[in-house]
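Q: Let's see this in three dimensions:
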Amino acid sequence: MKIQGRVTIKKDGVTLNTKPGAEIQMGGFPRTFVPNDQGGGGHMEGELIPGQITCTVIVDEKFRADGFDGTDLTLEWIADNGLAYTINEGFLTNPLTISKGEAQVVYQGLPAVQI
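A: Below you'll find the predicted structure:
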């Protein structure tokens, strides 16, 4: 049994040069319990939470800041144990800030789907 450790992040099929620690938030609809007077209840769905990938990109000699932006991106989160997820209609949430050889990158889009 292989437990997820390392991850590869791809943007439109291009592998990003990332540091360890990339994260994915699946997104989806949050649900809240709604009780009734009879001792039961149901649930109510809230606003859609986007899928999100957060990673730290290494700023090396091949780094191009304009290579991270865009809209309608296809983002992939591929783990070393074979699990893989995709986020469609993705976009970069904030312009990059580069410091000490790295840049924090946050992409959001539709909720993640296992592939």
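Q: quick one, what contacts the most centrally placed residue in the chain?
A: Centroid check for the chain by Cα atoms, centre = their mean gives I53 as the closest residue, at 1.9 Å. If you count contacts by Cβ atoms under 8 Å, 6 or more residues apart in numbering, I53 has them with I9, A22, E23, I24, Q25, L75, W77, I87, G90, V105, V106, Y107. (Each C-beta comes from the backbone N, C-alpha and C, glycine too.)
Q: run the last query once more with 7 Å
A: Counting by Cβ atoms under 7 Å, 6 or more residues apart in numbering, I53 makes contact with I9, A22, I24, L75, W77, I87, Y107.
Q: Counting by contacts, list what the helix or strand hosting I87 packs against.
A: I87 belongs to strand 84-92 when assigned by DSSP states H and E. With contacts taken as 3 or more Cβ pairs under 7 Å, 6 or more residues apart in numbering; DSSP states H and E, strand 84-92 sits against strand 73-79, strand 102-109, strand 113-114.
Q: Out of these, the one nearest F29 is which?
A: strand 113-114 (14.3 Å; Cβ to Cβ).
Q: Any idea which of the helices and strands packed on strand 84-92 gets closest to E61?
A: With distances scored as Cβ to Cβ, the stretch of these nearest to E61 is strand 102-109 (14.1 Å).
Q: got the CA coordinates for that closest one in CSV?
A: Extracted in CSV, the C-alpha atoms of strand 102-109 (Å, rounded to 0.1, in the frame of the first residue of the first chain):
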residue,chain,number,x,y,z
GLU,A,102,10.3,30.9,-5.1
ALA,A,103,6.7,32.0,-5.8
GLN,A,104,3.5,31.0,-4.2
VAL,A,105,0.9,30.0,-6.7
VAL,A,106,-2.8,29.5,-6.0
TYR,A,107,-5.2,28.3,-8.7
GLN,A,108,-9.0,28.0,-8.4
GLY,A,109,-11.7,26.6,-10.6
